[in-house]
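Trainee: need the 3D shape of this:
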Amino acid sequence: MLRSNIQPRPALPVRLLRGLILLCSLLCMVARADSGERWDGMSYTAFKRYVHNDISSGLCFTQDRQGFIWIGTQAGLVRWDGNRHVKYLADARDDALPDSYVMSVHVDSRGRLWAGMNSGGLARYDAEHDNFVRYRTSPTGLRDARVAAMTDDGAGGLWIATGSGLDHLTADGQFSRLGDAYDAAALPAGGIDTLLRDADGSLWAGTRRGLFHLRHQQPARQIALGGKSGMPISALLRDSAGRLWIGSRTSGAFVMAPGDMAAAPVQESGAQPALQRERVSGMVEAAPGEIWLGINGSNGGIVVVDVRHNSTRRIRHRDDATDSLADNDVMAMFRERSGVIYASDMAGISQHAPQPRAIATIRYLQPGQGGVISVPSAMAAADGRLWLGMINGGVAIVDPQHGLVRRLGPANGLPQGRVLATATGPDGEVYIGTQNGLFRATADGSRAQRVALPQRREEDEVWALAVSGRTLWLGGLDGVWALALPPAGAPRLLRHEDKRLGDPRVTALLPVGDAVWVGTRTGLARVGPGAGQVEAVPADLATPDRLPPGYVSSLLMDREGRLWLSNFGTGIVVLERTDADGRRRFRRLGMQQGLPDSGGNKLLQDRDGMIWASTDAGLARIDPRNYAITALGPGEGVHVPTYWTNSGAVTASGDLVFGGLSGLTVVRPTALAPWRYVPPVVVTRILLNDKDMPFAAYNQGRGKQAPPIIVTTAARERGFSLEFAALDYTAPERNRYTYLLKGFDSNWVSTEASLRRASYNNLPPGDYLLQLRGSNRNGDWAPPLEVPVRVLPAWHQHVLARAAMAALALLLGAGLLHARTTYLRRRQRELEAMVEARTAELRATQAQLETLAYGDPLTGLANRRLFNDELRHMVAQAERGGEPFTLLLIDLDRFKPVNDTLGHDAGDALLAATAERLRAAVREADRPFRLGGDEFAVLLSQAADRATLEPVCARILANVAAPLPHGAAVIEISASIGAAVYCAGNSHEQLYKRADVALYDAKAAGRNTWRLAAGGMETL
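Mentor: Numbers count the residues shown, from 1 in each chain. Model (predicted):
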């Protein structure tokens, strides 16, 4: 919070007035703290990290008129366009940087770039020639080689802060001693570290011994900070409201009101404030009234000052989030003109794109504590709170203004295991569907108890819940159940449907009137009010207006009465009408229509009627009037890339909440504004005949008046290539690019955002105009950039030469045509034969490599590497709602004596025979593997109980035990089997361990038998 510094006691009326103002401020703060801004306390600030040696250890930033960002580092000067960087290093040449340690960069009022160095003085970048002009130290020139800061003087010249004080460079490039007129000579020894010029022409000079205000023909005035003088200063910023922000090297930050000369310390909010003992390395105004302070130190990060609410929050690096601030040791900060914020560290830079208040990411429920949340289910309660089912079990009850309110878990009656669905009951109670059955919680979430269901096992999974009046609809892997909810007493079964749904595995429920729509893992059904009124909607992928088959992840009825469903694999499907004959007509919306991904997870409708969908690659907003789709990703603030199926809710305030695998996305639809920034399009590199040439002339808006790229006869074969970029830094991977060479191309040519290159060679002689277009992240095109191109003719392209060659061609043409045609036909046949032979060789080689990588050469079975991949894949499928499965581990009993007595050829023959016997003992859908030695495994594609496993294991044991003739000997051997059925929450390592323990139990029981791991599924 911001507080006044200690000053001499003012007069009584002034003190009374200040007291009243302070009291009003405190009352306002209390009111704000009580009301708060929804989600602000939990919102997560995401960054994009750029890690590269060339952009590491950045000390300063600036942006030139063309839009390039320049970074001064400890090892050179870097130009950055959002995609590619170019680094300039010190060199002995007179037109290179004199020093690679760049302390300051500045673009003056004439658009020229200046670089100040640690020991090399001052250099100006000459864009026309892509080199530098040096300004050395001399008695009449620059007085010190350390240039720490620069600012304009208002007359086309520069003020220069050096290690010896204040220098001045006039508009015509001459050094003057104008600083003496500002009493700069009175500043302490050691020079100036940071410099700022006010609109009235006065200067603020930050030194190691305090802050000074310099005015023309007036004595230098030292400014006390928090009642103290002589404090070392590291950064200065004048914000849009006229406040002066001062960063110190030892004592945090201070702020000075407009027109005031007293600086108050910035007090950090929270239980353990540390700002007043830290070094502020950089400052930016992220938004009006929001100042970001970069802190230099291993525990620093960024302190965000909210002036309007008199509060702060701190952004730090987090090890459990790849899009957090890259490092807490912030070296410098910068805000470019579209609003993107950069923070540099020793390894690279962190970029934060400006986000509207429309979208917030909730990654942690309690600030300062670890643990990225994963939210498989979400429900908005009547009291405005959210009930969030957590991946690690239980429910978190969250208030949008105050954060986490309560956790509901084993301590108050809810069992371990994932919460799959929630619904509010008719009397305010909350029904909770879990992997272990149905539970009912009190409205405040203080306790929960199991609900006994008639004719249904208590521990069966509950995948979907919906309440209509006093009827609770429940969906699981065993169909849909309708239960009456009397005001008192246990629920009463009204109805149960399973096989007539088409698929009994229910994933989503939507009551509409006296019927209910049911989404399943393969399609859609409608359950009517009467007995037997069940419609399984036919699915047909090949017919565009029919329902596509697939996992229905959520259902929604829009205001026009149209049914929407999200399909995990197909996208979004809308039931547009039903024909007189009862046939349902659907419309499909997929990636071709603009969805960011075909995996649709949750549908919600906002107060304006817009449909929102979470997908496996961000969010999408759909206009139901014309089905226009707007995709939203990291550029819009959507930093949760993948979402859970059917996890989302609309809050009482109209916010949309989507549960994701790495956090919660909150959308305020009314605050969403389109990104209107039109980026400049610039040339970033030109290669002519494979050699770099200067390109700055084409970025100055001169168009056709710029000097053309001259392609000589010698350069025509290799031609030229031109790289360009649209300088929208928010999401450069989404910028679009096209180019057109007028006079040669008939249409615009598209190029990838990762390439951004136009290349031409062997062009006919003539004058051309190359037009380059780039867009912002939304695809809005900037005006094209024009580059003239001139291709010079070769000697043979002149008129006389062409006439002579035409005559010669007529004489030779007839004779050569026949010979040439014959040769080409023969050569074509030879080439086709070579291509066919080479293709066959490559296919054979590829097949051999795949066999070596994933197959066991002795038995022909898949090896351990493929086994591990398949096991992980099947566990992941089961976690996301797929079918459980069974793992068998098989070990030959006393295999070593066979090798020792009969030789390794006998052991190899036994292993090969065991593989064939395993294949014969299991189904085609089951996969046998050889893990190594005499160890084998089988993945049964479906889970099984003991009764089902018994014949499978007995068949394997019998097949393996059959005698095997080998030469004069007969080999007899047995096997032991350990079985484990996948259980919810098992990792692939845990499942393997359970099967391995069961295998050892079988061996301990005397071998030639099998055992089922404890915790396995006894029944399904």
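Trainee: quick one, helices of the protein?
Mentor: 12-35, 799-854, 864-879, 896-902, 904-921, 946-961, 988-1004 (DSSP state H).
Trainee: what's the closest of these to Arg587?
Mentor: helix 864-879 (29.4 Å; CB to CB). C-beta here means a position set from N, CA and C on the backbone, and glycine is covered the same way.
Trainee: hmm, who's touching that closest one?
Mentor: 853-855, 862, 882-885, 887, 927, 929-932, 937, 939, 982, 984, 986-988, 991-992 (CB atoms under 8 Å, 6 or more residues apart in numbering).
Trainee: next one: it to chain centre, how far?
Mentor: The chain centre lies 26 Å from the centre of helix 864-879; the measure is CA atoms, centre = their mean, to the nearest Å.
Trainee: for this structure, which spans come out with low pLDDT?
Mentor: Within the chain, the stretches with pLDDT under 70 are 1-36, 356, 368, 796-799, 801-802, 844-852, 1015-1020.
Trainee: rewinding a little: need the helices of the chain in CSV (columns: distance to Pro400 and mean neighbour count).
Mentor: Listed next are those as CSV, based on distance: least, CB to CB, whole Å; neighbours: other CB atoms under 10 Å:
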stretch, distance to Pro400, mean neighbour count
helix 12-35, 12, 11
helix 799-854, 50, 10
helix 864-879, 29, 16
helix 896-902, 66, 14
helix 904-921, 57, 18
helix 946-961, 49, 17
helix 988-1004, 37, 18
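Trainee: hey, what's Ala123 bridged with?
Mentor: Each beta-bridge partner of Ala123 is listed here: Ala115, Arg134, as defined by DSSP bridges.
Trainee: ok, which of the helices of the chain comes nearest Ile710?
Mentor: Among the helices of the chain, if distance is taken as CB to CB, the winner is helix 799-854, at 21.1 Å.
Trainee: show me what the closest one is packed against.
Mentor: Identification of packing neighbours for helix 799-854 by 3 or more CB pairs under 8 Å, 6 or more residues apart in numbering; DSSP states H and E yields helix 864-879.
Trainee: switch the cut-off to 6 Å
Mentor: For helix 799-854, not one helix or strand is in contact under the criterion 3 or more CB pairs under 6 Å, 6 or more residues apart in numbering; DSSP states H and E.
Trainee: centre of the chain to that helix, how far?
Mentor: For helix 799-854, the distance between its averaged C-alpha position and the chain's averaged C-alpha position is 47 Å (CA atoms, centre = their mean).
Trainee: sorry, back to before: mind putting the helices of the chain into a markdown table with distance to Ile246?
Mentor: Supplementary listing: these in a markdown table, determined by distance: least, CB to CB, whole Å:
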| stretch | distance to Ile246 |
| --- | --- |
| helix 12-35 | 21 |
| helix 799-854 | 62 |
| helix 864-879 | 53 |
| helix 896-902 | 79 |
| helix 904-921 | 76 |
| helix 946-961 | 74 |
| helix 988-1004 | 55 |
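Trainee: which of those sits closest to Ser240?
Mentor: Counting by CB to CB, Ser240 lies closest to helix 12-35 out of the helices of the chain; the figure is 21.1 Å.
Trainee: follow-up on the earlier one: out of the helices of the chain, which is closest to Ala531?
Mentor: Nearest to Ala531 among the helices of the chain is helix 946-961; the distance by CB to CB comes to 33.7 Å.
Trainee: now do that closest one: everything it contacts.
Mentor: Under the criterion CB atoms under 6 Å, 6 or more residues apart in numbering, residues 914, 917, 921, 974-975, 977, 979, 1010, 1012 lie in contact with helix 946-961.
Trainee: which of these lies closest to Asp905?
Mentor: Distances from Asp905 to the contacts of helix 946-961, taken as CB to CB, are shortest for Thr914 (15.1 Å).
Trainee: the closest residue to Tyr677 other than its chain neighbours: neighbouring residues, count only.
Mentor: With CB to CB, 6 or more residues apart in numbering as the criterion, Tyr677 has its nearest non-adjacent residue at 4.7 Å, and that residue is Ser338. By other CB atoms under 10 Å, the residues close to Ser338 number 18.
Trainee: do the one 3 residues further on as well
Mentor: Counted with other CB under 10 Å, the neighbours of Ile341 add up to 21.
Trainee: do I have it right that it meets Ser350?
Mentor: No. Ile341 sits out of contact with Ser350 when judged by CB atoms under 6 Å, with a separation of 8.6 Å.
Trainee: in the stretch 601-750 of the chain, which spans are strands?
Mentor: 611-615, 618-622, 629-632, 643-650, 656-660, 663-667, 681-688, 691-693, 709-711, 720-726, 737-742, 749-751 (DSSP state E, counting those that start in this stretch).
Trainee: Throw those strands into CSV and include distance to Gly210, thanks.
Mentor: Listed next are these as CSV, based on distance: least, CB to CB, whole Å:
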stretch, distance to Gly210
strand 611-615, 54
strand 618-622, 50
strand 629-632, 48
strand 643-650, 54
strand 656-660, 50
strand 663-667, 45
strand 681-688, 42
strand 691-693, 47
strand 709-711, 54
strand 720-726, 43
strand 737-742, 51
strand 749-751, 54
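Trainee: nearest to Arg279, out of those?
Mentor: Ranking the strands of the stretch 601-750 of the chain by proximity to Arg279 (CB to CB) places strand 663-667 first, at 31.7 Å.
Trainee: quick one: strands adjacent to that closest one?
Mentor: As defined by DSSP bridges, the strand partners of strand 663-667 come to strand 359-362 (antiparallel), strand 656-660 (antiparallel).
Trainee: CA atoms only: put the first one into CSV for me.
Mentor: Right, strand 359-362. The C-alpha trace of strand 359-362 is given here as CSV (Å, rounded to 0.1, in the frame of the first residue of the first chain):
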residue,chain,number,x,y,z
ILE,A,359,-10.3,-13.8,-19.1
ALA,A,360,-8.6,-15.0,-15.9
THR,A,361,-6.6,-18.1,-15.2
ILE,A,362,-6.9,-19.7,-11.8
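Trainee: what residues does that strand touch?
Mentor: Around strand 359-362, the neighbours that count as contacts under CB under 6 Å, 6+ apart are 39, 42-44, 637, 639, 663-664, 666-667.
Trainee: so who does the spatially closest residue to Val86 that is not a sequence neighbour touch?
Mentor: Spatially, and ignoring its direct neighbours in sequence, Val86 is nearest to Arg79 (4.7 Å; CB to CB, 6+ apart). Taking CB under 6 Å, 6+ apart as the contact definition, Arg79 lies against 68, 70, 86.
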